[in-house]
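S.K.: Fold the following.
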Amino acid sequence: MKRLLPVLAIGMLTLAGCANTSTMGGDVYRGSQAGTAQTVTFGTITALRQVQVQADSRAGGIIGTGGGAVVGGLLGRQVGGGSGRQLATAAGVIGGAVAGSAIEESTNRVRAWEMEIRRDDGQNVVIVQKADRPFQVGQRVRMIGSGANVTVAPY
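M.R.: Okay, the predicted model is just below:
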């Protein structure tokens, strides 16, 4: 059993980062966007700052919380005997669930750009996307898409 614990811990940490963050980048299109006409507008970046986006977990947090609870419970069970073992197991489950949830949340955080862009028609818009390429204030860009599906690319 003690040899199984490191394997479970590594597995939990690996699965905790299962959020799909690739769709937040400027070079990735969703399947529904492929083969459809996209609106293109042009503008200039007027303000730029680094932010973080908290990606949604594919499993809704169950993997981090549940995996942490299992590993914590198994570790707690290794302590003491009798009622002390039961208390240590319960404390391990609770502590593991909290730690697993925190690990999953931190691995699902993505660095992103918040870009304020003055479009050529005079309107200002703010677009947030994954920081997968360098941008700078004053840079000309094109905005592809509309509504909630807009990506920014260099012009």
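S.K.: Quick one: the strands in this structure, in order.
M.R.: Residue ranges of the strands in the chain, as given by DSSP state E, are 40-54, 109-119, 124-130, 140-146, 149-154.
S.K.: Tell me which of these lies nearest to residue 74.
M.R.: Closest to residue 74 of those, according to CB to CB: strand 109-119, at 27.4 Å. For every residue, glycine as well, the C-beta is placed using N, CA and C.
S.K.: Give the buried residues for the closest one.
M.R.: For strand 109-119, the buried set under the neighbour-count rule, 16 or more other CB atoms under 10 Å, comprises 110, 112-113, 115-117.
S.K.: tilt between that strand and strand 149-154?
M.R.: Here strand 109-119 runs at 80 degrees with respect to strand 149-154, directions being taken by axes from the mean of the first three to the mean of the last three CA atoms, to 10 degrees.
S.K.: which residues touch strand 109-119?
M.R.: Surrounding strand 109-119, the residues in contact under the criterion CB atoms under 8 Å, 6 or more residues apart in numbering are 21, 24, 41-55, 124-131, 135, 141, 143, 152.
S.K.: Pairing partners for that strand, with directions?
M.R.: Each strand that pairs with strand 109-119, with its direction, by DSSP bridges: strand 40-54 (antiparallel), strand 124-130 (antiparallel).
S.K.: pull the CA atoms of that strand into CSV?
M.R.: Taking only C-alpha atoms (Å, rounded to 0.1, in the frame of the first residue of the first chain), the coordinates of strand 109-119 have been written out as CSV:
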residue,chain,number,x,y,z
ARG,A,109,-4.7,29.3,-14.4
VAL,A,110,-3.5,30.7,-17.7
ARG,A,111,-1.4,33.9,-18.3
ALA,A,112,-3.3,36.2,-20.7
TRP,A,113,-3.3,39.6,-22.3
GLU,A,114,-6.0,42.2,-21.6
MET,A,115,-5.8,44.3,-24.8
GLU,A,116,-7.7,47.6,-25.2
ILE,A,117,-7.9,48.2,-28.9
ARG,A,118,-9.1,51.3,-30.7
ARG,A,119,-10.8,50.0,-33.8
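S.K.: Compute the inter-axis angle for that strand and strand 140-146.
M.R.: 100 degrees.
S.K.: ok, back up a step: what about the strands of the chain, which gets the closest to residue 92?
M.R.: Ranking the strands of the chain by distance to residue 92, with CB to CB as the measure, places strand 109-119 first at 26.0 Å.
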